[in-house]
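Participant: I would like to see how this sequence folds:
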Amino acid sequence: MSAEPVSSQPVSAKLAPPRPKFLTRPASEDPKDLGFERRPMVDWLAPGQLARTGIKAVLSGVFGAYADKREVMAALHPLPEPHDYSGRDEIWIDYVADLGDGFDATYTMAALLASPTLPLGERQTRRGDVLVMGGDQVYPTASYDEYYNRMMMPYRAALPAVLEGEPPHLYAIPGNHDWYDGLSNFTRIFCQENWIGGWKTKQKRSYFALKLPHGWWLWGIDIQLEGYIDDSQIDYFKKVRVEPQDRIILCTAEPSWVYAVTKGPDAFRSLSYFEDRVIREKVGGTLRVALTGDLHHYTRYQSADGETQRITAGGGGAYLYATHEMPEALRLAEGKEQVGTKIEERQVDYSLKQTFPSRERSRALSFGSLRLPWRSWRFGVFLALVYALFTWLIQSASLALPGTSFLETARAESLGATLHRFGGIAVRSPSVAFFSLAVIGGMIAFCAAPRTLPRILLGFAHGLAHIVLTVLLAWSFAKVNPHLPWLTDSHPGSLPFLGTSVVEVLLVGGFLGGFLMAIYLMLCSSLGGFHTNEVFSSQRMPDFKNFLRLHVDPAGKLTIYPVGVPAVCKDWTFQREGAVSDPWWTPESPIQADLIEPPIEIP
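Facilitator: Numbering: from 1, shown residues only. This is a model prediction of the structure:
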């Protein structure tokens, strides 16, 4: 490939990823020169982000039900042939999932995947001839702007071009975040033979079959948002010509085998149907490895007979997720089998073989959620605004009711008396009562307890705790404020006194409210086994990343190298000078990447 330098694209560029022949090195780290923004980890508890994600989730359900892009792709590209790599003597394949979040984590993994060689233990490995992205290529939503800044450009910066030899090919399957726009941008980026840096996309649909050397296959399937597999996709895989002795590596977007235990057996039903009716019954292949992301960690389950590996490797860049709550054992209904004269479900047992981070380390990391007031400070500001508004509302309502005002009571009486006065105001004031019920109702809706009654009780207690905290803050400041120089002669019902109280609630309430939320999440996760996702997403931990490097050797043996990165690089040196194919940044100190466990060998 030739390199013909032109100017960089602006940050707001909405064009397809640039082909290598149009690449040039940026003059500086200024976003205008880079052509993109290096974005931080997503703050999942930020109020605006929570609202946008919720809206996108609702819209994605509508898109999935009424505007399924898979049907359009099937009509435009009827039954494409499998991509054939079987003529090679050997092949290297890289697998990464859950990428496209903060720059440091995403670029760390992209730099490792782009490196021509990577020593792992005593073995030397090389960059994959094929890169498979296993779902959720971008966070938080599937807008082109997010894809461009969080995934496409960091990968381009890590591997701008491959000028000698055949460039690596890129395939991707969509995860739930890719589905948030009904696959519109996923199709635009991955299904039109574009370039993402030095990687060339090759697929025409959101699923694909790769014919590998020595009787191996790699299939990537698209199990939409609720586990639905469309008829066109089923037809595509049923018509793939697989020999009876061929072995299949299956890539799916979520660990349905784990969700069969944590969410219920229905979570595994669609994948089980595909494995049994398509892989075993129709094409006659043997499933040896199932790969997925969605959970942002590394876990490996192995069947009791040692024949099948089920691996979650969602460490491409998103926040770390817990491993200490993963089931130690799985029993999966993998289709039907004949037992005597009866047809019964085929039950297969799996055991957990390895996690990264370790279960002990994961449990210790969960206590980091107590840093929520710092890590998710926007959420704290939101709570502070709620407390300040509530304080203002209570005081205003109390002025229209018999007796002393709320803040007068707080200044003169005990906390118990102040709570009693609040109760009297809430009973007589519709606005205060409505606000209180809204807080409690919101916390009931937020509660992730698996059963209805615990959800109501815990949500009620959590909401009540925030109301009590509001009263406690107002009571504390009412005791302190008379001693402030500018309030010495002010009445508790005066505007300066009320204004000062509101400002104090804003300043202190955010920290205490965030800490209260952190304690709630910690207790629910530790004692009840739910809200674990919020415990870890609130921390936005970029470390403990992973990817898989697969090698089919000349003898036909598949070796899986699970690569772990305990800490991502946060200090980069910008390389202004260099060849067009050289990475734009290099780490100030070498990235520590090594095997999570010994290589998994499948003969």
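Participant: Just after the helix or strand bottoming out on mean pLDDT in the chain, pick out the following helix or strand.
Facilitator: Using mean pLDDT, DSSP states H and E, helix 69-76 stands out as the lowest-scoring helix or strand of the chain, at a mean of 63. Next helix or strand after helix 69-76 toward the C-terminus (DSSP states H and E): strand 83-84.
Participant: The helix or strand just after that following strand pairs with which strands, and in what direction?
Facilitator: The helix or strand immediately downstream of strand 83-84 is strand 91-96, counting by DSSP H and E. Note on strand 91-96: by DSSP bridges, its sheet partners are strand 130-133 (parallel), strand 545-552 (antiparallel).
Participant: who's in contact with the residue most central in space within the chain?
Facilitator: With distances taken as CA atoms, centre = their mean, residue 318 lies nearest the centre of the chain, 5.2 Å away. Going by CB atoms under 8 Å, 6 or more residues apart in numbering, residue 318 touches 98-101, 105, 136, 139, 296. In short, each C-beta sits where N, CA and C put it, glycine included.
Participant: any idea which of those is closest to residue 288?
Facilitator: If you rank the contacts of residue 318 by distance to residue 288 using CB to CB, residue 98 comes first, at 23.1 Å.
Participant: Quick check: pLDDT value at that closest one.
Facilitator: The score at residue 98 is 97. That number is its pLDDT.
Participant: which sections of the protein are below the confidence cut-off?
Facilitator: Along the chain, the model assigns pLDDT under 70 to residues 1-22, 53-54, 56-78, 225-227, 338-340, 487-489, 491-493.
Participant: run the last query once more with 50
Facilitator: For the chain, the stretches flagged by pLDDT under 50 are 1-19, 21, 66.
Participant: how does it divide into domains?
Facilitator: 34-365+548-570+579-602, 377-537 (automatic domain parsing).
Participant: So residue 417 versus residue 403, what's the distance?
Facilitator: 11 Å (CB to CB, to the nearest Å).
Participant: Need the residues touching each of the two.
Facilitator: By CB under 8 Å, 6+ apart, the residues touching both residue 417 and residue 403 are residue 409.
Participant: what about the residue nearest to residue 429 when sequence neighbours are not counted, is that helix, strand or coil?
Facilitator: Leaving aside its sequence neighbours, residue 429 sits nearest to residue 397 (CB to CB, 6 or more residues apart in numbering; 3.8 Å). The three-state assignment at residue 397 reads helix, by DSSP: H, G, I helix; E, B strand; the rest coil.
Participant: okay, now residue 397: neighbour count?
Facilitator: Around residue 397 there are 20 other residues, counting by other CB atoms under 10 Å.
Participant: hang on, it packs against residue 424?
Facilitator: No - taking contacts as CB atoms under 8 Å, residue 397 lies outside contact range of residue 424: 10.4 Å.
Participant: by how many degrees do the longest strand belonging to the chain and strand 545-552 diverge?
Facilitator: The strand that spans the most residues within the chain, counting by DSSP state E, is strand 342-356. Angle, strand 342-356 to strand 545-552, by axes from the mean of the first three to the mean of the last three CA atoms, to 10 degrees: 120 degrees.
Participant: OK, contacts around the residue nearest to residue 429?
Facilitator: 406, 425, 428-429, 431-432.
Participant: coming back round to it: would you reformat the contacts of residue 318 as JSON lines and include distance to residue 529?
Facilitator: As requested, those are exported to JSON lines (distance: CB to CB, whole Å):
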{"residue": "98", "distance to residue 529": "22"}
{"residue": "99", "distance to residue 529": "28"}
{"residue": "100", "distance to residue 529": "29"}
{"residue": "101", "distance to residue 529": "25"}
{"residue": "105", "distance to residue 529": "27"}
{"residue": "136", "distance to residue 529": "23"}
{"residue": "139", "distance to residue 529": "25"}
{"residue": "296", "distance to residue 529": "18"}
